[in-house]
Every structure is written in C-alpha cells, then in structure tokens.
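Chemist: Curious how this folds, go ahead:
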Amino acid sequence: MIGQDGLWRTPYFLPLWLGSFVSALADSAYFIVLAWFVLHVTHSPADLGLALLLASLPRLVFMAIGGVIIDRLSPRVVLLASLALRAVIMGVVCDYAAHGLSHALPVYVVAFLFGVIDAFYWPAQNAIVPFAVPSSALARANAVIQTSQQLSMVLGPLLAGFLLQVPQFSVIFAVIATTYLFGFIVIVRVRLRQKTHMAAGRSEGLFRALTQGIRYVLHLRIVLFLMLASMLINLFFMGPVNIGLPSFVQDHGWSGSVYGYFESALGLGAVAGGILVGLLNGMRGHFRWIALTASGIGVGLAITSLVGAWDLGIIAIAGSGLAISLTDIPVITYVQTIVDENMLGRVMSLLTLMSVGLTPVSYGLSALAIHRHMLTPQSLMLGGGSLVAVLCAALIFQPDFRSMENHPRWQQARLSKDSHGGKSLL
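Modeler: Sure thing, here's the model as predicted:
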C-alpha cells in the first residue's frame, strides 16, 4: 500500500517517471528502427556502422558541455527541449520516408543530431530527480526511474518489432515522434523546487564553467574515484558484451534467437536489480558492498564466456544485469546527494560521460581486437569481465570509498529520512 508520504504521492514524481519511461521506450525502439531503416535504404552493414558511430560520437564531444547548459538553465528546460527536438526530427524523417527516401545522407544527419541531443538529455535526466522529490525519497525515486529505463530496453525491441510489421516507415516514424511528444507533454507538468544557490557560471564563458566543474570533481575525491570506476566498467564491459557476445554466440553455432535471449536476460537482470535496490532503500548503510556488486558485473560476463550451454550463460549474464543496477542506482543517488546543486549538471554530465560516453571507444577497441585476431570473442569476454571484477573489488582498499557514507550531506539526508519516520516510500 502507498502511505501518506509514499513516493507515488510526491506531487511531480508520477509525471516525471511516466515521461522518462515513455521517452526511454521511444529511444529503445528508435535505435532498432533506425538500424533496420538504414539497411532497408542502403543494404550495407558498413553504412549501418557509420550511422551508429555518428549517433555515438557526439556524446563523447558534447556531454561535458551539456552539464554547463543544465546548470545555467535547469534540467527541466533541457529535458523538454530535448524531447521537443526529437519529436520534430522524427516528424521530418517521417516526411522524408513518405516521399520515398532512397539515400542514407538524411539518416546520417538524424543519427548525428540524436547523438547531440542525447549528450544533453541523459545528464539532465539524472540531474532532475533531486529537484523533483524530497531527499528522503531520492534513493527509491532513482530505483524506480532507473529500473523503468532498464525495462524500456526490454520492451523497446518488442515495440520496434511490432512497428516494423507496418510496411510504411513514415507511419513508424510518426508513431515514435508522437511518443516523444507525449513524453514532452507529461514532463511539462513537472515543477522543480528552486536551487538553494544561483546556478554558477551564468556570466562566465562556457570553457571556464566547464573547467570549474572538472576542478570541482578533482577536489571531491570520492566522486572522482566513482567516475574512474565507471570509466573502467564502461571500457572493459560494454565492448565485450555488445561486440564479443554476439560473436561468441555465433562461434558456438547458436541461433540469433539465443542471442536475443542473452540480451533479454541482461535487461531483466537489471530490472530485478532495480527492484531489489528499491527494497533495500538504495543500499544506504551498506555501501561497502558496492565494491562486490560492481565486481559482479565482470564476474557474470567472465562466467558466460566459460559456459558450454547457452541456458547457463543466460543465468550468468542475468547476474551481470542484476549487479549493474545494484551498483549504478546507489552511486547515482550518492552523487546527487553530496554534490553542490549549482554543480550537479556538470558533475552528472561528467559521470554520464564516463559511464556512457566512452562506449564507442570500447566498441572500437573490442571490434579491432577481434578483427585483427588479437583476441577471440571468448577471450575478449573473459579478459574484460575479469578486469572489471578485479578492479572493482579493489575499491574496498581505497580509504575514500570505505568512508564514503560518512560524508556530512549523506548523513544529513539520512537524518532527514529518519525525521519522516522512516516510512516506506513504495
């Protein structure tokens, strides 16, 4: 039952959650539809690779800058602008498709523009939550939103598969545009509390404001270590799981459906992990276990590379998904809590850059290692998983990590929760 102080009774959480979920669902479906559309127009896997590269690189270039914009404006403004632009771009593609688009250049432009928008959207998505819910609800709010986004990665391909049964791509893109527009309409209703300090950097140059954000992170040692850990997980997990795993499945003679089962298991494991984090109140008071859960991300991948039966591999990769949520959600909540509000956009952008923006680098290195026969898919997965496991487990020896829950703002947030009676927010 939802109590008087329940999370779902928080005035603006429901529209924020619904808008975020619908937008993530549209994103997940869009990437699959875009890939199929590129192949439909060009019949070239190389063109598909170029489109995906154009969608990924802008995140690497613009994500840090996005944090400055978020701090100068507000995460709500950036979210709404991102959703509106996505809807407009999809509307333009719909018009192109209706007129018989026969070449890939417009698709490349769309992929690049979406990559630029993502560089602003995802940091804003993580920065908005502390301004929309009370601090006592922050852990569970993050758990619900992050779990819903993981669920969208499971449901999005199903939606894309349903849409791709429609013969007219113009209709498909129109549906995706409408979904983004719906997300925009819902999040318009969200009102944020005012920052306790004016956003820094309004009268300063873009580069100076960005430099201040970097210096801030360098002085906040625990956040710096968490970012470095995110970077290592990104580099050594994302490439092996997305480049190595499909090749691993193929080498074993398993079908494409089996690969789909692996991807679904990873997503469902992340959903289960998000639910567990919510039940554990964001693992507050047990943050030392995060070193173990982060290590579990790599352990699951390494075990997957060693199995001879795909059903056992699915269980192992689901464990990686479970560990991802048990690591990501508490870390996001912690950073949101201890960082100065006028720096939150920049810090979340840098954190997102470490955890998402470097994915193309991981993809490139993994593809090169397999293409040059430096590593087999199995050894890529085993090596990447083992490195993640060892490096993350080593966090427990880092003094700042062991004492991270002693931070005054984290303690203050705990006292705030206790003052609300410790009631469940679910």
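Chemist: Every contact and neighbour count from this point should use C-alpha atoms.
Modeler: Noted.
Chemist: Check the gap between the residue lying farthest from the centre of the chain and residue 81 for me.
Modeler: Using CA atoms, centre = their mean, the residue of the chain lying farthest from its centre is residue 99. It sits 34.5 Å away. For residue 99, the distance to residue 81 equals 27 Å [CA to CA, to the nearest Å].
Chemist: which regions of the stretch 151-300 of the chain sit below the pLDDT cut-off?
Modeler: Low-confidence segments of the stretch 151-300 of the chain, defined by pLDDT under 70: 195-204.
Chemist: phi, psi of the residue farthest from the centre of the chain?
Modeler: Here is the backbone geometry of residue 99 (degrees, to the nearest 10): phi -100, psi 20.
Chemist: measure residue 207 to residue 13 for me?
Modeler: Residue 207 is 34 Å from residue 13, by CA to CA.
Chemist: More neighbours: which of the two?
Modeler: Neighbours per residue (other CA atoms under 10 Å) separate residue 207 from residue 13, with residue 13 holding more: 20 against 12.
Chemist: can you tell me which residues contact the more buried one?
Modeler: Applying CA atoms under 8 Å, 6 or more residues apart in numbering, we find residue 13 in contact with 7, 132, 133, 141, 190.
Chemist: now residue 257
Modeler: Residue 257 neighbours (CA under 8 Å, 6+ apart): none.
Chemist: What sits closest to residue 320 if chain neighbours are left out?
Modeler: Spatially, and ignoring its direct neighbours in sequence, residue 320 is nearest to residue 297 (4.2 Å; CA to CA, 6 or more residues apart in numbering).
Chemist: my read: the one you found touches residue 318, true?
Modeler: No: applying CA atoms under 8 Å, one finds residue 297 not in contact with residue 318, separated by 9.5 Å.
Chemist: Next SSE downstream of the strand or helix carrying residue 388?
Modeler: Assigned by DSSP states H and E, residue 388 belongs to helix 377-393. The helix or strand immediately downstream of helix 377-393 is helix 399-402, counting by DSSP H and E.
Chemist: what's in contact with that following helix?
Modeler: With contacts defined as CA under 8 Å, 6+ apart, helix 399-402 is touched by 221, 222, 225, 287, 288, 395, 396.
Chemist: now do stretch 214-223
Modeler: For stretch 214-223, contacts defined as CA under 8 Å, 6+ apart pick out 224, 335, 347, 400, 401, 404.
Chemist: top of those residues by neighbour count?
Modeler: residue 347 leads the contacts of stretch 214-223 on contacts (other CA under 10 Å) with 30 neighbours.
Chemist: If I look at it, what pLDDT would I see?
Modeler: pLDDT, residue 347: 93.
Chemist: hmm, back to that, nearest to residue 175, of the contacts of stretch 214-223?
Modeler: residue 347 (34.2 Å; CA to CA).
Chemist: For the residue nearest to the closest one when sequence neighbours are not counted, give me its contacts.
Modeler: Leaving out its chain neighbours, the residue that sits closest to residue 347 by CA to CA, 6+ apart is residue 213, at 6.6 Å. Neighbour list for residue 213: 343, 346, 347 [criterion: CA under 8 Å, 6+ apart].
Chemist: 10 Å instead?
Modeler: 64, 67-68, 200-201, 207, 342-347, 349-350 (CA atoms under 10 Å, 6 or more residues apart in numbering).
Chemist: Likewise for residue 317?
Modeler: Counting by CA under 10 Å, 6+ apart, residue 317 touches 241, 262-267, 269, 297-305, 323.
Chemist: per-domain residue ranges of the chain.
Modeler: Structural domains annotated on the chain: 1-138+156-190, 209-414, as defined by automatic domain parsing.
Chemist: looking at the ones you listed, which is closest to residue 145?
Modeler: domain 1-138+156-190 (5.9 Å).
Chemist: related to what we said a few turns ago, remind me what the helix holding residue 388 packs against, helices and strands.
Modeler: Using 3 or more CA pairs under 10 Å, 6 or more residues apart in numbering; DSSP states H and E as the contact test, the elements touching helix 377-393 are helix 221-233, helix 239, helix 245-251, helix 289-306, helix 359-371.
Chemist: again, 7 Å this time
Modeler: Counting by 3 or more CA pairs under 7 Å, 6 or more residues apart in numbering; DSSP states H and E, the packing neighbours recorded for helix 377-393 are helix 221-233, helix 245-251, helix 289-306.
Chemist: This completes my enquiry, with thanks.
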